[in-house]
Every structure is written in C-alpha cells, then in structure tokens.
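>>> Can you look at this prediction? I've put the sequence above it.
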Amino acid sequence: MEHSLSDTCKVLQGCCSTVLRSEHLQKRIDLSFLDPPFNQSKTYNAWDDNLPASAYWKWMQEICEIVFSLTSEGGAIYFMQREKNTEYVLRCLRNSGWTFQNLIIWKKKTSAVPGMKRYGKHYQIIAFATKGKTPRVFNRLRIDPPLPSGYKYNRENGMYVTDVWDDIRELTSGYFAGEEALRDSEGKRLHKQQSPIQLLLRIILSSTRPGDVVLDPFAGSGTTLVVSEQLDRESIGIELDEFNVNLIQDRLSEQRKSDDVSRYYKDYVCTENLDQIWVNSMIV
C-alpha cells in the first residue's frame, strides 16, 4: 500500500523484500540507509526479531542485492548494525556487489554497556559502500567540534568529518532521549529504535545532492524521510508496521520543532559547498 506524503516523499507499507521488487520503485535510488531489526529478540508489532542467524543474514544479503540493482551508478548505501556483526555486514555488501568505502564508528554518548568477560560496548558500526569504485557524490563535510584537551590553538576552518562520529547523540532512554524522541500523551516512547536526525543529516549531506532519491527500506519512525524532505531530496520509505506508517504520516504532516534540521546548519558552516547541498531549510 502506497502513502504519498508529498510530491517528493512517500511511504510504501509492506515487507521490504516484496516492496523492493514491486512496480512502486520505478526511480533509480541514489542513497540507501539500512537500519534493520538487529535480530535481538526485541518486541515488534509486526516482525519476529528472533530468526535463525543463517536465515537472518540470508535475508540481509537479499535486501542488499535488490537495493544494489535499484541504485544508480556510484550510488551509496549506509548499513548500520551492532559492532559484533561487522563481519556479516561486510560480507553481505561484498557478496551483493557493493564496493566498501568506510567503516564508520558511531560512538555513543551514554555510558558503555559493561561486560563481565570483555570490554564494554560503546559504539555501533555503519558500513559505507558504493555501486562501483567511485561515489557519484561525496561532499567533504567540515565540522568544528570542541578541541580535545591539550590542544594549544583553535582551528581556523574546522576539520573534515572522519570515520569516527562521536558528536552525534543517540536517542536512548531517559535524559539522552531528549525532546526529539516521539512520545505518547503519557510520555512513553512511541518508537524505541528511533534514529536521531543529526545522524541522517550527516549521511544525506555527505552522499547526495538536492533532487536525489533516498531510500529507507526499514523506515521505522521516518527520520530518513523527515530529513530528506527538509533538504530537498526525494525519499521513499518502506515500513511493515501500520502503526509506524501512521506515525511517519503524522510526523511529516506537521513538523515538530525538534525535527527541524536547520538548527544544525551552523555545525557545517566550514563546508566549502554547503550552499549547494543545503538549499531548502530555513537557516537559523
């Protein structure tokens, strides 16, 4: 079932394996963001998150293969997963034709999950790959985060974004979820795996131009579509759960202050071509 949210944004309800093969996806995709269920036995309304490992990773490779076939030459994919599954993610991408570019470390701002027999977990991985050796688009973003202790001089023009992202807050429980987390009238989280808009902002700015088409096969709470819409990119989300589809529709029908990406414009002002890749938001 297709839900058109605007001329440039739509959500397709159904299983992504089926929808990706349907006639609804007629445009070439320039960027895909994959944040699938992690197969951790978490509770979903419409999904069994406890598949046999072999079945799960066969499914992940199938998705990577279909998305690859739909992607423009040089188009990009960002595949997010648990750090322990890095080997499987890279194998899925390699076996489905993608060319590996970077393994991004998204370092969490909350305390590391302690381990009894190993080091505590403090990050997720995001594998960045392209269709072909050369990205069709790669905008070299510059940021100017606080100087680490011991630095003597301030930067004159920021620094290029590296493959370690330690400046983006995750939407965990409690304080760190902040106002951005979607909640019901009683304050309960509506989607506990919600991605922060800062994360999708960086990915979309890095690997697309205005007018490009962005795909999210596991749309969840719709963060990819929310950010794409504000940056003048076309977007397609696929979501199995009808509750989440309605959540995305509500989220896009009236923009919340906490979803406004323009407040992060200042973080990227050192980027040389920022005026060419960020063109459709009210800048504050």
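Structure's in. What do you need? Residues are numbered from 1 along each chain as shown.
>>> wouldn't Asp267 be in contact with Ile143 here?
Yes - contact criterion CB atoms under 8 Å: Asp267 and Ile143 qualify, at 5.6 Å. The C-beta positions use only the backbone N, C-alpha and C, and glycine is treated the same way.
>>> ok, for Ile277, nearest residue in space, not its chain neighbours?
Asn139 (5.3 Å; CB to CB, 6 or more residues apart in numbering).
>>> Show me where the stretch 51-200 of the chain has its helices.
Secondary structure of the stretch 51-200 of the chain, counting by DSSP state H, counting those that start in this stretch: helices at 53-70, 86-95, 197-207.
>>> So which of the ones you listed is nearest Leu247?
helix 197-207 (15.0 Å; CB to CB).
>>> next helix or strand past the closest one?
strand 213-216 (DSSP states H and E).
>>> where's the helix or strand just after that next one relative to the chain centroid, distance-wise?
For strand 213-216, the following helix or strand on the C-terminal side (DSSP H and E) is helix 223-230. Remark: helix 223-230 is offset 10 Å from the chain centroid, using CA atoms, centre = their mean, to the nearest Å.
>>> Tell me the buried residues in the top strand by length along the chain?
If you go by DSSP state E, the chain has its longest strand at strand 71-82. By neighbour count, with 16 or more other CB atoms under 10 Å as the criterion, the buried positions of strand 71-82 are Thr71, Ser72, Gly74, Gly75, Ala76, Ile77, Tyr78, Phe79, Met80, Gln81.
>>> looking at the protein, which helix or strand does the model trust least?
Scoring the helices and strands of the chain by mean pLDDT, DSSP states H and E places strand 2-6 at the bottom, with a mean of 63.
>>> Now Phe38. Nearest residue, chain neighbours left out?
Nearest to Phe38 is Arg82, by CB to CB, 6+ apart, at 5.5 Å.
>>> Repeat that for Ser72.
Nearest non-adjacent residue to Ser72 (CB to CB, 6+ apart): Arg28, at 4.4 Å.
>>> Quick check: that neighbour touching Leu70?
Yes - under the contact definition of CB under 8 Å, Arg28 touches Leu70, with a separation of 6.8 Å.
>>> Look at the two and report which has more neighbours.
Between Arg28 and Leu70, Leu70 has the larger neighbour count (other CB atoms under 10 Å), namely 20 against 12.
>>> burial measure for the nearest residue in space to the more buried one that is not next to it in sequence, as a count.
In this structure, Leu70 finds its nearest non-sequential neighbour in Ile29, 4.9 Å apart by CB to CB, 6+ apart. Per other CB under 10 Å, the neighbour tally for Ile29 reads 24.
>>> need the contact list for Ile29.
Neighbouring residues of Ile29 by CB atoms under 8 Å, 6 or more residues apart in numbering: Val67, Leu70, Thr71, Ser72, Gly75, Val213, Val214, Leu215, Ile236.
>>> dump the residue contacts of the fifth one.
Under the criterion of CB under 8 Å, 6+ apart, the contact partners of Gly75 comprise Arg28, Ile29, Asp30, Leu31, Ser32, Thr130, Lys131, Arg136.
>>> From Pro52, how far out is Val19?
Going from Val19 to Pro52 by CB to CB, to the nearest Å gives 23 Å.
>>> Oops, could you answer that again for Leu231 instead?
The gap separating Leu231 from Pro52 is 39 Å, by CB to CB.
>>> So if I had to pick from those two, which one is more boxed in?
Leu231 (22 against 9).
>>> how many neighbours does the closest residue in space to Arg94 that isn't next to it in sequence have?
Closest residue to Arg94 in three dimensions, ignoring its sequence neighbours and counting by CB to CB, 6+ apart: Phe100, at 6.8 Å. Neighbour count for Phe100, taken as other CB under 10 Å: 13.
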